[in-house]
Every structure is written in structure tokens, then in C-alpha cells.
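Asks: only geometry, no sequence info:
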């Protein structure tokens, strides 16, 4: 494949499916105490026989349908042979020859569509614990609780061109997974192996492993890009290798030269029979699919009469969409969409918060929108309360009452404030009389300052013009 961008990134993303038991045995996926949820099957004892978890296949089919992947007609498993402490039986059961899903795509927030190579099912290796960090630990602990948990691996085309796009891809993927209800965002593990190359290095590819979550991937890739640029600057050649991301140290470490698929000696697993994926099975899963982001966005437009752009932004974050669903039961959907899409997103970005990290509640937000819609608070006051509500919890109506932030509806009181401002700013008054528009804005600003933003700008302008 020929490339022409400065950076080329492809992702291999491992998604832990939210099932109660492991992929090929009845051991719980929820155990906390190390090595407390294991058996002869997930540890690979001689003579043990794996039995496939149908729920894991159902969840994988949901993901295939949501990404428009072509679903295979048969379910075939292979053994990926390697010797490492994280897989006690010295092979991993995975799909190689025929993945459950072929092709497909996922849309970024920018509307760019990123192609998929494949989606396949495999078992998770054990968890390796490095007590002093990956680079400095004198020994490694192994927790086999994770060994055998069901994973869906999603492989992208090398079509991402920046760490920011890679982060957005991970974020949009997690959003889809949450809509599908196949991933536990609080306790589940989602990891990415990133293949990254740069133009200056003749697109020689380096794989970076062990990247967890969408925030870490941007950090890891930014580091690796700079490392590769430094290698080229020093006159050295970028070698094909596998590196590990050490989140604690914020660096990548070389692990080994990059393996080829042939190094793993794949063979069909003789203990697992080939399973037909029938049209009836696929149809049943399709009929049971929950509402996906694109479908929910269309419904918001038709049902609530909000703009398509607002609907798209709202549905690109599962928590924000669920929040909006609760808010529209209490106030105007159009105003709620406007304030959620623009002002709430602005405040979250300013505080560097994801929606799930904020303190805001549907009741508090709906109260702000409703009071603004009924002209009981001004635009300025509503924005300031929202900024406060995102980072702390309080009763909105009590706060407005105690702070005197309701719209100043007493025309006599407001006129008194305007008269005082006119008296104290004779220069601005003369400039206004001379036709300078900025002078009026200044006078309005002074009134808004005196009333702490609680006066209606339109009413203030009307009074100023009547008095001057």
C-alpha cells in the first residue's frame, strides 16, 4: 500500500466482552482475588475440553452488524502457538483463517470513515503485573483470572493520520460498544496495539503494545512519533520491531523484533467443532440490536425537531445522549439540544472533562434551560450557573434566589440602575449621542455588571435610548 501522509497509523483493538463467564469455560469473569477464577480448561491442563460461550458470539455479531462487516458463514477457531507466561497452555485460541467479520467501517466525529480489515474472537491471555513498573521490575507476577476471558479484536486499515484521529477512533468505538451493551465501561478492559510509521522513516512500521483507553493512545502515539523522528534525525534507520508502552514512565520500550504470522504456527483447533452461523441466527441478533448512534440521531431530528448537527454531536457520546433523553422530559427539546451541544460541551472542554466526569444532573440542567426559556434568567446568568454546575452539585433555584440572579423585572429598579450608569459615564453618553455604537455596548455592559448579568440586555437598551 502506498502512503503520502506524514504519519500512518493502524490499530488492533482488543475489546473485553461483558459476559458472566469466560470464552471456553464456566469460570467467572468478575473475580477480584488473583488466580481465584481458574480451572483446567482456561489453564490448559492435558485432556481438558473447551466449550464455546454462545453469548460471546452473539456480542461479536452485534459489533459486526454495527460496523457493516461481512459476517462469515462458519465459526472456525485456530491455535496461535507461542511460549510466554501469560498463556499457560502455550497457545492462544483465536480466529485466523476465517474471522467472524470481514471489512466494515467506523465513522469519526469529523465524518471521516475508517475502514476495518477484520473482526475476530479470541481468548484473553493472563494479566502480567510488574510491581516496580514494566522496565524496572526484577520479577513479574501472573494473574490467570483474565486468562480465557472473551475478546473481540478489531483491526483497522492503516488510514489514521494522527494521534488525535486514533484517540477519536477509540472514543467512537467505545461509544458504539456502549450503545450495543457488550462492554462494561467501568470494569472492562479495552487495549490497543498501534502500528505507526512516519514519512521521514520511509514508512518502516513499529508496533506499540499495551495501550489502554482512548486518552492513553494519543499520549503513546505522540511519544512514538517524536522518538521515530529523533531516530531519523540521528541518521539511524527505523527498524521493524514491537515496543511496549509504559504509561507510568510515558515512554515506549523495545520488546523484540516484529514477528510474522508464520512465526506463530497457526493450526485449526481440533477440540472445537466448526459452527454454522446461519441466516436465522444473524437475523435474530439484528432484530435485537439496540438503537445505534446514527439511528438515535435520526430519531432526535424527527421527534424533537432539532438540527441534524445537534443530534449528531449529542449521540456521539453515550452518556450525553442518555442525559439528553432525561432532560427532554422536563423542558424544551430544542433549547435543551442547543444548550447541551454548544454551552455544555464548551464548559466540559474548558475544564478538560469527559461528560461522565462532570457533576451535572438532568434536573439541574433542565432547570437552567427552563428558566432561560421562560425568560426568568438571562443568557449570561444561565452560562455562569452552568459553568458552576459542571464541577459542583447545588440546587439551581435556591442558588438563583440566594444570589439575586433572577431577571430584573422591576422596570423602576432597572431604570434606577441605568440612570446611575449614565450619570457615572458622561463620556460614553456623549459618544453615544455622536453615533458611536461601541458606546452603547459599553453602557449596556456597565448595567449588566451592576445587575450581575440579571438584566435583560434588550430592556436595558430600550431604557438607555429612552433616557438619553
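Replies: Sure, I can see it. What you see is a predicted model, and the numbers here were worked out from it, not measured in a lab.
Asks: measure residue 337 to residue 265 for me?
Replies: Distance, residue 337 to residue 265, by Cβ to Cβ, to the nearest Å: 55 Å. For glycine as for every other residue, the C-beta is placed from the backbone atoms N, C-alpha and C.
Asks: Look at the two and report which has more neighbours.
Replies: Counted by other Cβ atoms under 10 Å, residue 337 and residue 265 do not tie: residue 337 has more neighbours, with 25 against 11.
Asks: nearest spatial neighbour of residue 432, skipping sequence neighbours?
Replies: Among residues not flanking residue 432 along the chain, residue 439 sits closest, at 4.0 Å (Cβ to Cβ, 6 or more residues apart in numbering).
Asks: Then that neighbour would be within a helix, right?
Replies: Yes: assessed with DSSP: H, G, I helix; E, B strand; the rest coil, residue 439 lies in a helix.
Asks: for this structure, which spans come out with low pLDDT?
Replies: 258-262, 407-413, 437, 454, 456, 459 (pLDDT under 70).
Asks: redo that, cut-off 50
Replies: For the chain, applying pLDDT under 50 flags the ranges 410.
Asks: so how far does stretch 207-222 reach from one end to the other?
Replies: 14 Å (Cα to Cα, to the nearest Å).
Asks: Same question for stretch 322-333.
Replies: Using Cα to Cα, the two ends of stretch 322-333 sit 13 Å apart.
Asks: Other residues contacting that stretch?
Replies: 300, 304-306, 314, 336-337, 340, 355, 360, 362-363, 365-366, 369-370, 373 (Cβ atoms under 8 Å, 6 or more residues apart in numbering).
Asks: what about the nearest residue to residue 356 once chain neighbours are set aside, how many residues close to it?
Replies: Distance criterion Cβ to Cβ, 6+ apart; nearest residue to residue 356, sequence neighbours excluded, is residue 319 at 4.8 Å. Per other Cβ under 10 Å, the neighbour tally for residue 319 reads 15.
Asks: Residue 129 now?
Replies: Residue 129: 12 neighbours (other Cβ under 10 Å).
Asks: how close does it sit to residue 85?
Replies: Distance from residue 129 to residue 85, by Cβ to Cβ: 11 Å.
Asks: residues shared between the contacts of these two?
Replies: In contact with both residue 129 and residue 85: 140, 142, using Cβ under 8 Å, 6+ apart.
Asks: What lies in contact with stretch 154-168?
Replies: Against stretch 154-168 from outside (Cβ under 8 Å, 6+ apart): 1, 3, 5-13, 15, 63, 67, 106, 108-110, 112, 114-119, 169, 173, 192, 194-195, 214-215, 217-222, 225.
Asks: isn't residue 179 right next to residue 294, touching?
Replies: No: in this structure, residue 179 is not within contact of residue 294 by Cβ atoms under 8 Å, at 9.9 Å.
Asks: out of these two, which sits in the busier spot?
Replies: Neighbour count, other Cβ under 10 Å: between residue 179 and residue 294, residue 179 has more, with 23 against 15.
Asks: Excluding chain neighbours, give the residue nearest to that one in space.
Replies: Using Cβ to Cβ, 6+ apart, the closest residue to residue 179 is residue 292 (5.4 Å).
Asks: ok, now which ones touch that neighbour?
Replies: Residue 292 touches 66, 176, 179-180, counting by Cβ under 8 Å, 6+ apart.
Asks: Among those residues, the buried ones, what's the PyMOL command?
Replies: Buried residues within the contacts of residue 292, by 16 or more other Cβ atoms under 10 Å, are selected in PyMOL with:
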select buried, resi 66+176+179+180
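Asks: Including secondary structure and distance to residue 421, could the contacts of residue 292 go into JSON lines?
Replies: Shown next, in JSON lines, are the contacts of residue 292 (DSSP: H, G, I helix; E, B strand; the rest coil; distance: Cβ to Cβ, whole Å):
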{"residue": "66", "secondary structure": "helix", "distance to residue 421": "58"}
{"residue": "176", "secondary structure": "helix", "distance to residue 421": "54"}
{"residue": "179", "secondary structure": "helix", "distance to residue 421": "52"}
{"residue": "180", "secondary structure": "helix", "distance to residue 421": "57"}
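Asks: Other residues contacting stretch 123-134?
Replies: Under Cβ under 8 Å, 6+ apart, the answer for stretch 123-134 is 14, 16, 22-24, 42, 84-88, 92-94, 136-151, 189, 210, 244, 246, 248-249, 253.
Asks: Buried members of these into ChimeraX, please.
Replies: Under the burial definition 16+ other Cβ under 10 Å, those of the contacts of stretch 123-134 that qualify are selected in ChimeraX by:
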select :14,16,22,23,24,42,86,87,88,92,93,94,142,143,144,145,146,147,148,149,150,151,189,210,244,246
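Asks: Show me where the stretch 101-250 of the chain has its strands.
Replies: 101-102, 105-107, 113-123, 127-129, 141-143, 150-156, 190-198, 206-212, 241-246 (DSSP state E, counting those that start in this stretch).
Asks: okay if I get these as TSV plus distance to residue 276?
Replies: Listed next are these as TSV, based on distance: least, Cβ to Cβ, whole Å:
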stretch	distance to residue 276
strand 101-102	16
strand 105-107	26
strand 113-123	15
strand 127-129	34
strand 141-143	36
strand 150-156	20
strand 190-198	30
strand 206-212	34
strand 241-246	36
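Asks: Let me know which of the ones you listed is the nearest to residue 382.
Replies: strand 105-107 (32.4 Å; Cβ to Cβ).
Asks: In the sheet, which strands lie alongside that closest one, parallel or antiparallel?
Replies: According to DSSP bridges, strand 105-107 forms sheet pairs with strand 113-123 (antiparallel).
Asks: start to end distance for stretch 71-78?
Replies: 18 Å.
Asks: re the thing from before, tell me which of the strands of the stretch 101-250 of the chain sits nearest to residue 48.
Replies: strand 113-123 (13.3 Å).
Asks: In the closest one, which of the residues would be classed as buried?
Replies: Buried-residue list, strand 113-123, by 16+ other Cβ under 10 Å: 114, 116-123.
Asks: next one: stretch 230-238
Replies: 231-232, 238.
Asks: chain center to it, what's the gap?
Replies: 34 Å (Cα atoms, centre = their mean, to the nearest Å).
Asks: Can you name the residues in contact with it?
Replies: Stretch 230-238 is contacted from outside by 197-198, 200-202, 204, 206, 228, using Cβ under 8 Å, 6+ apart.
Asks: Just the buried ones among the contacts of stretch 154-168, please.
Replies: Of these, these count as buried by 16+ other Cβ under 10 Å: 7-13, 15, 63, 67, 106, 108, 114, 116-119, 169, 173, 192, 194-195, 214, 217-222, 225.
Asks: Look up how far residue 442 lies from residue 436.
Replies: Remark: distance between residue 436 and residue 442 (Cβ to Cβ) = 9 Å.
Asks: Those two: which is more packed in?
Replies: Neighbours were tallied for residue 436 and for residue 442 using other Cβ under 10 Å; the higher tally belongs to residue 442 (17 against 13).
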